[in-house]
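K.L.:
turn this into a structure:
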Amino acid sequence: MFCIDELTSLSDSQVADLLALMRELDPEITVTAEMVRAAAEAPGTHLFVAREGDGPIIGCASLCVFDSPTGRKASIEDVVVGEAYRGRGIGRALVEQVVGYAGRKLAPVDLHLTSRPARVAANGLYRKLGFGKRETNVYRMHLPE
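P.N.:
Predicted coordinates:
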């Protein structure tokens, strides 16, 4: 059985677990230990992790919250479950935990998430959990140092 907790600080082994999960999420991105620690400690970010007992982190999801002139918004980011643990409901439980937290602690809030079309199972899960697909364009601009 697994449990889900929110973490606000990370041990070295937890950082290593999360780095491994980020590589599974997208092998093309560069994620550092400093980036993972900064996310866990950021006041507008809530990092939820799944573990079996006191074992390693086997899944995660983050909730990034901000207020804009049009209202409070939150984005679910970096939802990933380790390949060996998929198909056991961990992704669903993580997203449900994040949605529940947002409803209890942040409402009213518009909750957003994005998912690549190739992630067929994840997209199906999000629809089953009540997320509707928006017809919009998503743009990205990377600003290097």
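
K.L.:
any chance you could map the strands in this structure?
P.N.:
Ranges of strands in the chain, per DSSP state E, are 3-7, 45-51, 57-68, 71-81, 110-113.

K.L.:
for the last one, packing partners?
P.N.:
I take that to be strand 110-113. If contacts are counted by 3 or more Cβ pairs under 8 Å, 6 or more residues apart in numbering; DSSP states H and E, strand 110-113 sits against strand 71-81. Where C-beta positions appear, they are placed from N, C-alpha and C, glycine not excepted.

K.L.:
report the mean confidence score over the strand it packs on.
P.N.:
Averaged over strand 71-81, pLDDT sits at 97.

K.L.:
center of the protein, which residue is that?
P.N.:
By Cα atoms, centre = their mean, the chain has its centre lying nearest to A61, at 2.2 Å.

K.L.:
which helix or strand in this protein has the lowest average pLDDT?
P.N.:
Ranking every helix and strand in the chain by mean pLDDT, DSSP states H and E puts helix 120-128 at the bottom, with a mean of 93.

K.L.:
tell me which of the strands of the chain is the most buried.
P.N.:
Across the strands of the chain, averaging neighbours per residue (mean count of other Cβ atoms under 10 Å) puts strand 45-51 on top, at a mean of 22.

K.L.:
listing partners with orientation, what would you give for that strand?
P.N.:
strand 3-7 (antiparallel), strand 57-68 (antiparallel) (DSSP bridges).

K.L.:
returning to what we had before: how close does the residue nearest to the centre of the chain get to L21?
P.N.:
10 Å (Cβ to Cβ, to the nearest Å).

K.L.:
what touches both of these two?
P.N.:
Among the neighbours of A61, those also in contact with L21 (Cβ atoms under 8 Å, 6 or more residues apart in numbering) are V80.

K.L.:
most distant residue from the centre of this structure?
P.N.:
The chain, Cα atoms, centre = their mean, max distance from centroid: E145 (25.2 Å).

K.L.:
who's in contact with that residue?
P.N.:
Residues in contact with E145 (Cβ under 8 Å, 6+ apart): none are found.

K.L.:
quick revisit: hmm, the residue nearest to the centre of the chain is touching R92, no?
P.N.:
No: in this structure, A61 is not within contact of R92 by Cβ atoms under 8 Å, at 10.7 Å.
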